[in-house]
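>>> Here is the input, now give the coordinates:
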Amino acid sequence: MRGTRDLDQWLSDWLTTLKLANKSPHTRKAYERDLRQFLSFADAANEPPSVLDRQLLTRYMGHRIDSDGIQASSAQRELTSIRVFADWLVAQGQLSHNFCDQYTLKRPPRPLPGMVDADTLNQLLDQSEPADPKEARLWIRDRAMLELLYSSGLRVSELVSASVWDVQWGNALITVTGKGNKMRIVPIGRKAMAALQDWMPHRNLWQHEDESALFISETLGTRLSARQVERRVTVQAVRAGIDVHLHPHLLRHCFASHLLAGSGDLRAVQELLGHADISTTQIYTHLDFQHLTRVYDQAHPRARKRSS
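Numbering: from 1, shown residues only. Below is the predicted model:
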C-alpha cells in the first residue's frame, strides 16, 4: 500500500466485494461512511497516509470521542468497520496484520432500564373498556398483548412472531423464539391467560385466510408489526392516564424486576428472560438494590433525617 490513491482504490474494491456478497445497500453505505472518515483522518495526519497502524487508530478514536463527541455506540460501530476492512486488507496481502486486533474501547456503564411500579401497571391493565365499540374491540386485543408482555417478559419481537399454536392452552405456557433463534417455553399468568381467551373469538373473526399469528390487525387480518404494538401500548397508556412513556420493552423490564424482587431467584429470571449470560440479568439486582436503599433511608432510625 503506497498512498491515498491505493487506499481509495482498495476501499472501492472492498465495497464491490461486499456487494457481490449480497450485503445490503444500507450496510455498504454505513461501512463506506465510516471508512471514508477514517481514511480522511489518515490523509490529514502528520504521518504518511499510507501508514495504517495502532498509533493512528488510537489517535483517530480519541479524536472522534473527545473532539467530535460521538457516542460510545457510534465509536464502537466505526471501530468494527475499520477492523473488518483491515481484515480484508490482510487477506489481500496489503497488510501484514490487522492493526485493530485486541484494540478495545472502554465501554460506559450500562444504563439502568426505566421502571414503573406494580400500581402503575395495574392502572394500565385494569382500566375500563372504552365506550366506543371499535376501540372496545381493540382494547380486548391490546389487553391480551399487554398482559402477555408483562406476565411472561416477552420481547416485542417474540410477541409479534408468536403463532396460535405456540400457546399450550391447557398448560398456560407459550413457546417463543428469542435472539439467535433460541426457543424457550415460558409460563402465562392467570390474568394473561384469561385475556388471551377473551381475545381469541375476535381474532378468529378478524383473521385473513390461514393467518396463524397470535396477534393480528383488525383491518387487514394479518400479523401485527413491532411498530404497531409499540403504538398500541402508547395509546393504552395515554388512555389510562399514565404520564410515563410506556413501551413493550419497559414491560419486560418490569416483569424481571418485580419477579426478582418477589423471588430473589436470579437464575430463574435469567431462564424466563432467555438471557444467554447471567451478567445481563444481573442489572435487575441493581434495580432491586436501589429499592432496598430507598426503603432503608425512609425506615431505619439511624438513616432518617431529624425533623426540625
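
>>> burial of His202, as a residue count?
Residues lying near His202 (other C-beta atoms under 10 Å) number 16. Heads up, the C-betas are built off the backbone N, CA and C, glycines and all.

>>> OK, contacts around it?
137, 140-141 (C-beta atoms under 8 Å, 6 or more residues apart in numbering).

>>> For those residues, give me CSV that also has neighbour count, distance to Ala44 and secondary structure.
Formatted as CSV, the contacts of His202 follow (neighbours: other C-beta atoms under 10 Å; distance: C-beta to C-beta, whole Å; DSSP: H, G, I helix; E, B strand; the rest coil):
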residue, neighbour count, distance to Ala44, secondary structure
Arg137, 17, 62, helix
Ile140, 16, 62, helix
Arg141, 21, 57, helix
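
>>> and which of these is nearest to Ala86?
Arg141 (50.1 Å; C-beta to C-beta).

>>> looking at it, that closest one is touching Pro201, isn't it?
No - if you go by C-beta atoms under 8 Å, Arg141 and Pro201 don't touch, sitting 11.1 Å apart.

>>> re the thing from before, what would the contacts of His202 look like in TSV with pLDDT?
Listed next are the contacts of His202 as TSV, based on pLDDT from 0 to 100:
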residue	pLDDT
Arg137	94
Ile140	97
Arg141	97
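
>>> Can you tell me which of the residues you listed is closest to Leu250?
For those, the nearest to Leu250 is Arg141 (19.6 Å; C-beta to C-beta).

>>> out of everything not next to it in sequence, what's closest to the closest one?
In this structure, Arg141 finds its nearest non-sequential neighbour in Trp199, 5.4 Å apart by C-beta to C-beta, 6 or more residues apart in numbering.

>>> Could you confirm that neighbour falls within a helix?
Yes - per DSSP: H, G, I helix; E, B strand; the rest coil, Trp199 lies within a helix segment.

>>> how deep is it tucked in, by neighbour count?
There are 21 residues near Trp199, going by other C-beta under 10 Å.

>>> per-residue pLDDT, Gly189?
At Gly189, the model reports a pLDDT of 89.

>>> Which residue, other than its chain neighbours, is closest to it?
Ser151 (3.7 Å).

>>> How about residues contacting the helix or strand containing that neighbour?
Using DSSP states H and E, Ser151 maps to helix 133-152. Helix 133-152 is contacted from outside by 121, 124-125, 129-130, 154, 156, 159, 174, 176, 186-189, 191-192, 195-196, 198-199, 202-203, 215, 218, 229, 232-233, 235-236, 248, 251-252, 254-255, 272, using C-beta under 8 Å, 6+ apart.

>>> Drop anything exposed from those residues.
Buried by 16 or more other C-beta atoms under 10 Å: 121, 124-125, 154, 156, 159, 174, 176, 186, 188, 192, 195-196, 199, 202-203, 215, 229, 232-233, 236, 248, 251-252, 254-255, 272, out of the contacts of helix 133-152.

>>> Show me the helices in the chain, by range?
In the chain, the helices defined using DSSP state H lie at 4-20, 25-44, 54-62, 72-91, 118-125, 133-152, 156-161, 190-206, 226-239, 248-263, 266-273, 278-281, 283-299.

>>> Ok, which of these comes nearest Cys100?
helix 72-91 (3.9 Å).

>>> could you say what helices and strands that closest one packs with?
For helix 72-91, the packing partners by 3 or more C-beta pairs under 8 Å, 6 or more residues apart in numbering; DSSP states H and E come out as helix 4-20, helix 25-44, helix 54-62.

>>> wait, isn't Ala30 in contact with Val84?
No - between Ala30 and Val84 there is no contact, the gap being 11.1 Å when judged by C-beta under 8 Å.

>>> what is in contact with these two at once?
The contact sets of Ala30 and Val84 do not overlap (C-beta under 8 Å, 6+ apart).

>>> quick one: buried residues of stretch 234-251?
236-237, 240, 242, 246-251.

>>> Report the two of these separated the most.
Largest pairwise distance in the buried residues of stretch 234-251, by C-beta to C-beta, is 18.3 Å, between Ala240 and His249.

>>> Next one: Arg141 from Ser163, what distance?
According to C-beta to C-beta, to the nearest Å, Arg141 stands 15 Å off from Ser163.
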